[in-house]
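Colleague: Requesting a structural model of the entry that follows:
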Amino acid sequence: MSRLTDFKTVVGHRIRVARADARMSQEDLAKAAGVSIASIQRYESGESCPLLQAAAMAEALGVTVNDLCGIPMSAA
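Modeller: Okay, the predicted model is just below:
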């Protein structure tokens, strides 16, 4: 598996978990992020990576883009 595939899989899993935690359906998230349900399904499966919609999805889910990408916040 390539690093890009690994990254897409991790981001997809984090989106799915954040969506479940937010008690949102794929349809709810799609509407909030301004994308299709099929896009959400591709993101969650790791088939595609939502770089352009990441901020909108993070806001809709109440998390940060860093949370979705698994990037820890640095200590200030």
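Colleague: wait, what's in contact with the residue nearest the centre of the chain?
Modeller: Nearest residue to the geometric centre of the chain (CA atoms, centre = their mean): I15, 3.3 Å. Neighbouring residues of I15 by CB atoms under 8 Å, 6 or more residues apart in numbering: 29, 40, 43-44, 50, 57, 61, 68. In this view, the C-beta of every residue, glycine as well, is placed from N, C-alpha and C.
Colleague: And for E27?
Modeller: With CB under 8 Å, 6+ apart, E27 has these contacts: I37.
Colleague: Show me which positions of the helix or strand containing it end up buried.
Modeller: Using DSSP states H and E, E27 sits in helix 26-33. Buried residues in helix 26-33, counted by 16 or more other CB atoms under 10 Å: 26, 29-30, 32-33.
Colleague: again with stretch 2-11
Modeller: For stretch 2-11, by 16+ other CB under 10 Å, it's 8-9, 11.
Colleague: Show me what that stretch is in contact with.
Modeller: Taking CB under 8 Å, 6+ apart as the rule, stretch 2-11 contacts 1, 43, 46-50, 68-70.
Colleague: Please repeat the previous calculation with a cut-off of 10 Å.
Modeller: Stretch 2-11 has contacts (CB atoms under 10 Å, 6 or more residues apart in numbering) with 1, 42-51, 54, 65, 68-70.
Colleague: Quick check: of those, which lies closest to A20?
Modeller: E44 (10.3 Å; CB to CB).
Colleague: residue ranges with poor pLDDT in the protein?
Modeller: 1, 4, 52, 73-76 (pLDDT under 70).
Colleague: quick one: the helices in it?
Modeller: 3-21, 26-33, 37-45, 54-61, 65-69 (DSSP state H).
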